[in-house]
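Asks: Next one to model:
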Amino acid sequence: MEIQYGSTVTMHFSLRLVQDDYLVDTTDGDEPMTFVVGDGDWLPAMEEKLLGLKAGDVRRFEIPAEDAYGPAEIEEENLQNIPVSDFPPEIELIPGQVVGFTTPDGDEIPGTIMGFTDEIVTINFLHPLAGHDLIFEVEILEVLPPQ
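Replies: Predicted coordinates for the structure are as follows:
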């Protein structure tokens, strides 16, 4: 069975930066990932690369930045000032550090610490992978039909 929108796919994957082969994420050594194609767990460009693959297929794709997380242009709407008191005391505030934040909907989004004072931390909510071309490697283990 070929992967199509709505298929349940179980796979191993790795995600790397093209520029320096830095490993961003992987299931290597872990349980494989299972998800439904089109449910929003993956970038549309990544899901499109999976369409038509079958169990047993192993592939390597390069995804340009503009199809992944977009350009690395810091815009005013991506910057937010958050009171230092909103951060747990165990978090060390370091410029460049990526911190996870929970939205009111319960989703987690990354933010990068741009700088801070004794009272305010400036966070850039542009995705940390913006501006990076990506290498997406997959091994498809199982494909179930759309339900």
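Asks: Nearest spatial neighbour of Ile49, chain-adjacent residues omitted?
Replies: Wrong residue type there; residue 49 is Lys, not Ile. Excluding the flanking residues, the one nearest Lys49 by CB to CB, 6 or more residues apart in numbering is Phe61, at 4.5 Å. No exception for glycine: its C-beta is placed from N, CA and C like everyone else's.
Asks: wait, is that neighbour part of a helix?
Replies: No. Under DSSP: H, G, I helix; E, B strand; the rest coil, Phe61 sits outside any helix and is assigned strand.
Asks: Next one: it, what pLDDT does it get?
Replies: Note for Phe61: predicted pLDDT of 97.
Asks: Likewise for Ala130?
Replies: Note on Ala130: pLDDT of 90.
Asks: hang on, isn't it packed against Ile74?
Replies: No. Assessed by CB atoms under 8 Å, Ala130 is found out of contact with Ile74, at 9.1 Å.
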